[in-house]
Each structure stands twice: as C-alpha cells, then as structure tokens.
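Chemist: give me the fold of what follows.
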Amino acid sequence: MNGIAFESGAGTSLLSGPVLNPTGATGAAALQLAQTWFLHMAGESNATNRFVTADFSALNLLGWPGLWPTLQPFSSWNPAIHPTHDTGCSITSDDDPGLKRALVSDNYECDYSMLHLPDRDTAVSMTIGPGSSGWTDWKEALWTLNYLQVMHGGHEDAVASVPASRLGDVGIPGNDVVGGVMPGTYLGSSDIEGFQAGNFIQILDNQAAQNQVPDGEPTLHDRALAMLRVVVVDMDRLHAEPATDLLADDADVSSAASASPSRGTLLSSDVAAYTLLALRTARRALDSALGLYSNTTPDTAGIPSPLDDFPPLAGVPFGQRLDQLIGALADVFYDKLTTADGHAFAGWDAAQSAPTDDGTTLDAHTAALRGLLVAYLATGATGFRDRASSVFGRLETAFYDPSARIYRPTEGDRSLQVTFTPRRFGLLQAALRDTYEFVAVLPGNDAMRDLIEDRVGRLNKLVLNGWDDRDEDGMIEWPSECARVGSGPDGKALGLGGLQMAERALSGESGSETDIFDAVTRVIATDREHDCVPEISAVGLPSALANSVTFTLTRWSGASPEPSLQDAGEDGP
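Modeler: As a prediction, the model looks like this:
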C-alpha cells in the first residue's frame, strides 16, 4: 500500500489532483501547492518533529525525501527495485513508538528515493482502471480509519481522548493539549501514520472530488455512482437469465442483429462468490457507512439507495433490484453449488441443469464457503451458515494433508508438489476467517475455533513467509526451517520467503538485530525477525506477493519421519 501510494511512482501524480490543485497549475506552482499541503499534514501529525522538513531541495521536493504521491495507480507494473543497505536511519511507528525506541533501519525507510521504479517508463503499463484504483482506495480508506482511531502525544504515546473544549487545538504544531504523558496531542496513531493517513485522505478526496450529493456533477463521486449503476444494469441485462435471474460467467454481444445477448451456460463457483461479494459491496457502498472491522453482522434490509430516484431496473427501484440479484445468487450457493453433506462444486451448467464436476477441488470448497457466508451476511438467513459448517467439515476431511500440514488442491492428491497462487491463498484464508467469525465463535464450537486458529497460523507462516515449522515447536530454527534458502548480500544464508517476496520495518520487519550506523562496522540486516522473509534491500523486491509459489515435499531427516516442505520457487514477482 505504501509502495503504491507514496514510493514507487507507479501511477499518475497527486500534484494534478483537482482538490489539491483546483486551477490545474503546473510546474513550480503545482509543486508549491503540494509542499504547502504536506507541511500542513506533517504539522498536524507531529511528523515535522523527526521526519518531514521545510528545507526543500532537488532531492527533497515535498518534505519527505523521495516522496512520490500517487493519484491513480497504474493497472500493472514490474515491481523490481534497487534499494541498498546504505547509511541507515531511525524509524518509528505505533508498533515501535517514541524517540528512544526507534528502529535503526536501512535508509530507504526514511528516504524513498531508492524505492522508485528504476526505469519507470519501461516498467509500467500507463493505464488506469476501476480494479487497481478500487482495491487501492478500499485499502487506503481502511488504513485511514485504523491510523486515525487514536491520537498520540509528543513521544508517540497513545491518546484515546482529550477534553472536549480542547479538540480544536489537537494537531496544531506546538499545542499543549494534555491527553497523554506530556502536553501536546497530534493526529493519528504515530507521527508517521498520522502523516500517512492525512495523505491517504488527500488522495481519496482528489479521486472523488466529492460532495456526497448524486446530482450529476463532473466529479468521480457522481461518475462512480453512475458507473456503479451501469455495472449492475449491465450485469443484470447481459449475464442474468430473465426467467430465473441465474447468472452466467460469459455473455456475447458481438452480434448486432441480435436483440438480446448470447449468454453462456456456466456459472463458476469462484466467479459466483466474488460476484456476490461485489453486489453486496455495491449495496453497502450505497446505503451504509464504512467501518473498520465492522463486517460481522447481517445487513439491515430495506435501506433506501441514492440511486432509487433514477429510472427503475427490471420494473423496480434500483435498490430493490439489487436485493433481488443478491438473493437469487445467494440461493445458488445453497441449491446448486453445494450439498447437505458438504460437497461443493466448481460450477453450475444451466444447459445440463447439473454441476460441472464431482466436487473434488479445494478452490470450489473455499469459494463455496466464501459465498455461503457472504450470503448469510447479505440475507441474515442462518441456513447459509449451517450449510457452510458442512462444507467446512468436508474441506478438512477431503483436502487437508495432516502429514505435510497443508491443504491439497484436489481430493486424493498425494503428489510431491503443491502450488499456491494469491487467488488460491486468498480464497482459503478468507474461507477460514469467515468460518471462524461466523461459525466457530458460536457456543459449543470451541474445538473448531482452536482448529481454525492452528490452520490459519500454519497457512500464513508457510505460504506467505515460507516458514515450515517442521518440529512443531512454534519457534523458527533459522534458516534451517525456511522452505527456500539463498545467500544474502552479507554472504550468509537467507530465507527467501513464500508468496510474500520481501518485508521492511514499516510492514512488519521489527526485530532487534544489531544495526550500526557506521558504514564500516554496521551489521547488514537481511532478515531482522528471522521469519524467513528477507528485507527488501536484500533481494531487490518490494513487500508484495509473487504470482505463485510451489512447494516440493521432501523427507525430513529430523526427529519425525513425516515429509517437510521446500519452496520450489516463485513464478515471477
């Protein structure tokens, strides 16, 4: 997220944003507008105390060296970068607050210049789209809520409240509002994270230029509402069978002679799951308020939509039609894509009125769990939750390999290689998470709760970090328990991660390995936490996910005769 928003340059420039730059200024005038904003936010968050300066230069145009704020991220780019171990700096966050507890880090944590794409013109696809922008905005909005849920004092001590009469003074540079140990209260959970939260808000405001009124203005807010309506209308008219509302993966509108689209007959379970999630997200975007960690109760029915005053869809107001599409797709998961004994199918063939397979794939079961539990949230019907319990039971018995402690992609698979993509990992992690939050927490399900906690911990550590805890003691024997080991810039062994290619201090690499400023004697930190995920400067890759990771089972020569896992490598960044 930080790499996209502030560091890589893989997007259009925030300096051209219509809120930050309403007159369309260019050159020095646009730069001055941005400098004024970043200094303002740095003062509000106390970042000028250590990280942001008004001493602008060719190497520090915006107060934070190397800061490259993005308005709209590009749809794709090569993430390879060339950070070094040069110099070192002192960084803090809400996980490591205060002047005296700052982490000594490589210089890229305090100077983003080394995190820029080294050859931007050839590394990026200069296109923007709703997918890359939408998911980035969603993440930035959630982290803004997270960063701004508390305030902090001058030593980054957490401040939960201040006297109501002093709220207006919070964030003013040099203020004496007492909320913590010392006078002075600032925005955000730490100096850096308050500064970043303000900048996320600036990015989002410039994208939307919004006034919250759907009155057809040429702003992204109104255009987004229009696009949302068009997307739902298109989905309804192109992909939904009028007689049944059954959706199809594909529709063909290439024939000008045809009065109606030519629909396919297949609905895949993963497409159905993410479609249901998208429809529910569209509804919540129209009638709800975004809240951090708020997605654990079923939706309230009947809330008016701001699009209801526009022409009807299928003869009913927009919100009502959206409810109908959600209800019909939810029923597909119960009636067609799963069975009472927990089988889940990869898809449904409307032409044959039958499943597309025999229910033997991991992805189908995780997609079904995702869909069933989204259906429960969208409708409040507990039958979806009960069916999810059955599907989870089969997920465990048919796909979990207890000897290797990994989920197999196909029932009965005992091959020596197991591949995870971000999509497979995301489906499985989300299925486990949702099952935990909506089923395992129910009274009497303590055993399921403990089981899922173990599964999620193993999944994250193995597939993300590449740590195979072979002796199951919960302690990393580094680097011998790393699934893939290479050589670091210091010539020593280095774990090379799993799906996550690299890590940094501000994305979790917060261990205490000795690190000295002196260029001659300082110790290079290649994996501070010794968790098998390398520092970005050790491998020249960002804190991001690879396209895939393949594990190869090998016999472990330790105390247990069971197989261990070794990473067969990543399929590109």
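Chemist: just the strands in the stretch 1-150 of the chain please.
Modeler: In the stretch 1-150 of the chain, the strands defined using DSSP state E, counting those that start in this stretch lie at 11-13, 70-73, 76-77, 89-91, 103-105, 124-125.
Chemist: what's the least confident stretch among these?
Modeler: The stretch with the lowest mean pLDDT among those is strand 103-105, at a mean of 74.
Chemist: counting contacts, what elements does that strand pack onto?
Modeler: Judged by 3 or more CB pairs under 8 Å, 6 or more residues apart in numbering; DSSP states H and E, strand 103-105 is in contact with strand 89-91. Backbone N, C-alpha and C define where each C-beta goes, glycine included.
Chemist: show me what counts as buried in the strand it packs on.
Modeler: By neighbour count, with 16 or more other CB atoms under 10 Å as the criterion, the buried positions of strand 89-91 are Cys89, Ile91.
Chemist: so where's the chain shaky on pLDDT?
Modeler: For the chain, applying pLDDT under 70 flags the ranges 94-96, 99-101, 210-213, 219-220, 255-259, 290-293, 508, 510-523, 557-573.
Chemist: picking up where we left off before, let me have the strands of the stretch 1-150 of the chain in CSV, extended by distance to Leu494.
Modeler: Below are the strands of the stretch 1-150 of the chain laid out as CSV (distance: least, CB to CB, whole Å):
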stretch, distance to Leu494
strand 11-13, 31
strand 70-73, 30
strand 76-77, 26
strand 89-91, 22
strand 103-105, 18
strand 124-125, 29
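Chemist: how about the ones you listed, which one is nearest Glu396?
Modeler: The closest of the strands of the stretch 1-150 of the chain to Glu396 is strand 76-77. By CB to CB, the value is 36.5 Å.
Chemist: and Leu33, what does it touch?
Modeler: Leu15, Leu20, Asn21, Ala25 (CB atoms under 8 Å, 6 or more residues apart in numbering).
Chemist: which two among those are spaced furthest apart?
Modeler: Greatest spatial distance in the contacts of Leu33: Leu20 and Ala25, 9.8 Å, computed using CB to CB.
Chemist: quick one, which of the strands of the stretch 1-150 of the chain is nearest to Ala546?
Modeler: strand 76-77 (14.4 Å).
Chemist: and the closest one, which strands flank it?
Modeler: strand 124-125 (antiparallel) (DSSP bridges).
Chemist: would you mind pulling the contact partners of the strand it pairs with?
Modeler: With CB under 8 Å, 6+ apart as the test, strand 124-125 has contacts from Ala10, Phe74, Ser75, Ser76, Trp77, Asn78, Leu117.
Chemist: please spell out the PyMOL selection for the buried subset of the residues you listed.
Modeler: Selection of buried members from the contacts of strand 124-125 for PyMOL, criterion 16+ other CB under 10 Å:
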select buried, resi 10+74+75+77+78+117
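Chemist: distance to Arg455 added to the contacts of strand 124-125, as a markdown table?
Modeler: Output for the contacts of strand 124-125, formatted as a markdown table (distance: CB to CB, whole Å):
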| residue | distance to Arg455 |
| --- | --- |
| Ala10 | 34 |
| Phe74 | 36 |
| Ser75 | 34 |
| Ser76 | 32 |
| Trp77 | 34 |
| Asn78 | 34 |
| Leu117 | 37 |
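Chemist: tell me how this protein divides into domains.
Modeler: 2-208, 220-428 (automatic domain parsing).
Chemist: do you know how far Asp357 is from Asp349?
Modeler: Noted for Asp357: a distance of 10 Å to Asp349, by CB to CB, to the nearest Å.
Chemist: do Asn2 as well
Modeler: When Asn2 is compared with Asp349 (using CB to CB), they lie 44 Å apart.
Chemist: could you do Leu59 as well?
Modeler: From Leu59 over to Asp349 the distance is 61 Å, taken as CB to CB.
Chemist: helices of the stretch 51-200 of the chain, residue ranges please.
Modeler: In the stretch 51-200 of the chain, the helices defined using DSSP state H, counting those that start in this stretch lie at 120-123, 130-147, 191-208.
Chemist: for Gln32, find the nearest of those.
Modeler: From these, taking CB to CB, the stretch that ends up closest is helix 191-208, at 15.5 Å.
Chemist: packing partners of the closest one?
Modeler: With contacts taken as 3+ CB pairs under 8 Å, 6+ apart, helix 191-208 sits against helix 27-45, strand 70-73, helix 130-147, strand 185-187, helix 220-234.
Chemist: now do 6 Å
Modeler: helix 27-45, helix 130-147, helix 220-234 (3 or more CB pairs under 6 Å, 6 or more residues apart in numbering; DSSP states H and E).
Chemist: in TSV: those, plus distance to Asp287.
Modeler: What follows is these, written out as TSV (distance: least, CB to CB, whole Å):
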stretch	distance to Asp287
helix 27-45	31
helix 130-147	17
helix 220-234	12
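Chemist: those: which one's closest to Val177?
Modeler: Nearest to Val177 among those is helix 27-45; the distance by CB to CB comes to 12.5 Å.
Chemist: disregarding residues adjacent in the polypeptide, which is nearest to Pro173?
Modeler: Using CB to CB, 6 or more residues apart in numbering and skipping residues adjacent in sequence, the residue nearest Pro173 is Gly43, 4.1 Å away.
Chemist: give the burial count for the one you found, as a bare number.
Modeler: 21 (other CB atoms under 10 Å).
Chemist: before we move on, what about Val124?
Modeler: 19.
Chemist: for it, which non-adjacent residue is closest in space?
Modeler: Trp77 (4.2 Å).
Chemist: now do the strands in the stretch 451-573 of the chain.
Modeler: Along the stretch 451-573 of the chain, counting by DSSP E, counting those that start in this stretch, strands occupy 485-487, 493-495, 549-555, 563-570.
Chemist: now the most centrally placed residue in the chain. Nearest residue, chain neighbours left out?
Modeler: When the chain is reduced to its mean C-alpha position, the nearest residue by CA atoms, centre = their mean turns out to be Lys139, at 5.9 Å. Leaving aside its sequence neighbours, Lys139 sits nearest to Met1 (CB to CB, 6+ apart; 5.3 Å).
Chemist: for Arg405, same thing?
Modeler: Ranked by CB to CB, 6+ apart and with sequence neighbours excluded, the top spatial neighbour of Arg405 is Arg458, at 5.6 Å.
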